[in-house]
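Colleague: sequence? don't have it. structure:
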């Protein structure tokens, strides 16, 4: 069990951090002084979470992938922070909304290309679990993806009567 905690420490830290941000947004002090709340969100979402995620990914992914994923997490966290802010308050987060809506289609396109590449590999002739784990996908997720791919291949063979 401790291997799971050590191996995926960032995810165990992320959930309480996001819940704490949500709880912080509900306090009377935050509603009374939304600028301080915005500063806390900016530090947590734009600095702390991306830096921690980069530190988590540095041994699991390439430098380029780690930087990109960290920036994407920071953008997602800023979107979450902007959603938590009281309506009509804040100085920096409202101005970042334009950047968010500009970057969102780009991130979706990149994720779609990665998804299609992953599906082509999974539904290819011989997908190898080790190669996917080396790309930074958690082993449990890889096993579930491969099980699903095998299931759908069998369903396809059953329906069409083809061997492959």
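Modeller: Arrived safely. Keep in mind that this is a model prediction, so the values were computed, not measured. Numbering: from 1, shown residues only.
Colleague: switch to C-alpha atoms for all contacts and neighbour counts from now on
Modeller: Fine.
Colleague: ok, and the closest non-adjacent residue to the residue nearest the centre of the chain?
Modeller: For the chain, residue 73 is the residue whose C-alpha lies nearest the centre (Cα atoms, centre = their mean; 5.7 Å). In space, and not counting its chain neighbours, residue 73 is closest to residue 50: 6.2 Å by Cα to Cα, 6 or more residues apart in numbering.
Colleague: look up how far residue 66 lies from that neighbour.
Modeller: 10 Å (Cα to Cα, to the nearest Å).
Colleague: and residue 48, by the same measure?
Modeller: According to Cα to Cα, residue 48 stands 15 Å off from residue 66.
Colleague: residue 132: which element?
Modeller: Following DSSP states H and E, the helix or strand that holds residue 132 is helix 129-134.
Colleague: list the contacts of that helix.
Modeller: By Cα atoms under 8 Å, 6 or more residues apart in numbering, the residues outside helix 129-134 that reach it are 60-61, 139, 142-143, 146.
Colleague: what's the mean pLDDT across the next helix or strand after that helix?
Modeller: Later in the chain than helix 129-134, the nearest helix or strand by DSSP H and E is helix 139-160. Averaged across helix 139-160, the pLDDT comes to 87.
Colleague: and helix 139-160, what does it pack onto?
Modeller: Applying 3 or more Cα pairs under 8 Å, 6 or more residues apart in numbering; DSSP states H and E, we find helix 139-160 packed against helix 93-122, helix 129-134.
Colleague: any idea which of those scores lowest on pLDDT?
Modeller: Per-stretch mean pLDDT for the helices and strands packed on helix 139-160 is lowest at helix 93-122 (a mean of 78).
Colleague: list the buried residues for that helix?
Modeller: Across helix 93-122, burial judged by 16 or more other Cα atoms under 10 Å covers 93, 122.
Colleague: so which elements touch it?
Modeller: Helix 93-122 is packed against helix 63-84, helix 139-160, with contacts defined by 3+ Cα pairs under 8 Å, 6+ apart.
Colleague: just say which of those helices is most tucked in.
Modeller: helix 63-84 (a mean of 18; mean count of other Cα atoms under 10 Å).
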